[in-house]
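S.K.: Quick one, fold the following:
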Amino acid sequence: MDIVCLDLEGVLVPEIWIAFAEASGIPELKRTTRDEPDYDKLMAWRLGILREHGLGLKEIQETIAKIDPIPGAKEFLDELRSITQVIIISDTFTQFAKPLMKKLGWPTIFCNSLEVAEDGEITGFRMRVQNSKYTTVKALQSIGYETIASGDSYNDLGMIKASKTGFLFKSTDQIKSDNPEIAAYEDYGELLAAIKEVLS
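M.R.: Reported below is the predicted structural model:
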């Protein structure tokens, strides 16, 4: 039994924090897991910037409502889901993901949750488990699945390397050059063909 595990941001939808950085005019918020491997450190830093500017969940959700999937992402996902099981494993949060899942046709997503005060201030975040992408892939393997994984960032490398086969997708030159053993693709047709070859 095979199951495909995909990252969300940068792979199927644009990076939420980059979109919000542009909408809010706060360029520091463009920093993502492509730049900072330590997710806890990155999120604590982001929440500090939000507090400093008096921004909360409502403002971020207003930006997310305007984000569309990357062109071709839904078609890629639809075709992939017609031939095998697919789970999106993301470090994003349920409060961010729901409108994006609707636009992608409601695929299954495993992600985290934000702690939000009554006034909408994001006060913290709860990770589902530590090192969630790697941990989830290992858990799926423990119940009899062989995993095929794809992502674009540092925090995807654990699940990619732990899987039967893994691919980088729309990644950075730095990550690709640091991991030359991982096949890297830039368009959905190539990634779909590579996954189909593994499944055949």
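
S.K.: quick one: the helices in the protein?
M.R.: 16-24, 39-53, 57-64, 73-83, 94-103, 132-142, 157-162, 173-178, 188-199 (DSSP state H).

S.K.: Mind putting the ones you listed into TSV with distance to residue 30?
M.R.: Backbone N, C-alpha and C define where each C-beta goes, glycine included. Rendered in TSV, the data for the helices of the chain read as follows (distance: least, C-beta to C-beta, whole Å):
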stretch	distance to residue 30
helix 16-24	4
helix 39-53	11
helix 57-64	13
helix 73-83	21
helix 94-103	16
helix 132-142	22
helix 157-162	21
helix 173-178	16
helix 188-199	24
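
S.K.: Off-centre distance for the worst-scoring helix or strand of the chain on mean pLDDT?
M.R.: Confidence across the helices and strands of the chain bottoms out at helix 39-53, with a mean of 91, counting by mean pLDDT, DSSP states H and E. When distances are taken as C-alpha atoms, centre = their mean, to the nearest Å, helix 39-53 is centred 18 Å away from the chain's centroid.

S.K.: Just want the angle from it to helix 16-24.
M.R.: On the basis of axes from the mean of the first three to the mean of the last three C-alpha atoms, to 10 degrees, helix 39-53 is oriented at 20 degrees to helix 16-24.

S.K.: contact partners of helix 39-53?
M.R.: For helix 39-53, the surrounding residues in contact (C-beta atoms under 8 Å, 6 or more residues apart in numbering) are 17, 24, 26, 28-29, 31-33, 36, 56, 91, 121-125, 127, 155.

S.K.: at 7 Å what do you get?
M.R.: With contact meaning C-beta atoms under 7 Å, 6 or more residues apart in numbering, helix 39-53 is reached by 17, 26, 28-29, 31, 33, 36, 56, 91, 122, 125, 155.

S.K.: Give the buried residues for it.
M.R.: Of the residues in helix 39-53, 39, 42-43, 46-47, 50 count as buried by neighbour count, 16 or more other C-beta atoms under 10 Å.

S.K.: ditto for stretch 97-112
M.R.: Using 16+ other C-beta under 10 Å as the test for burial, stretch 97-112 gives 97, 100-101, 104, 107, 109-112.

S.K.: For that stretch, output the C-alpha coordinates as PDB.
M.R.: Below are the C-alpha coordinates for stretch 97-112, written out as PDB (Å, rounded to 0.1, in the frame of the first residue of the first chain):
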ATOM      1  CA  ALA A  97      -5.800  25.900   5.900                       C
ATOM      2  CA  LYS A  98      -9.600  25.600   5.600                       C
ATOM      3  CA  PRO A  99     -10.300  28.100   2.700                       C
ATOM      4  CA  LEU A 100      -7.300  26.700   0.800                       C
ATOM      5  CA  MET A 101      -8.600  23.100   1.200                       C
ATOM      6  CA  LYS A 102     -11.900  24.200  -0.200                       C
ATOM      7  CA  LYS A 103     -10.200  25.500  -3.300                       C
ATOM      8  CA  LEU A 104      -8.200  22.300  -3.700                       C
ATOM      9  CA  GLY A 105     -11.300  20.100  -3.500                       C
ATOM     10  CA  TRP A 106     -11.100  19.100   0.300                       C
ATOM     11  CA  PRO A 107      -8.000  16.800   0.300                       C
ATOM     12  CA  THR A 108      -7.000  15.400   3.700                       C
ATOM     13  CA  ILE A 109      -4.600  17.600   5.600                       C
ATOM     14  CA  PHE A 110      -2.600  17.000   8.800                       C
ATOM     15  CA  CYS A 111      -1.600  20.300  10.300                       C
ATOM     16  CA  ASN A 112      -1.300  22.300  13.600                       C
END
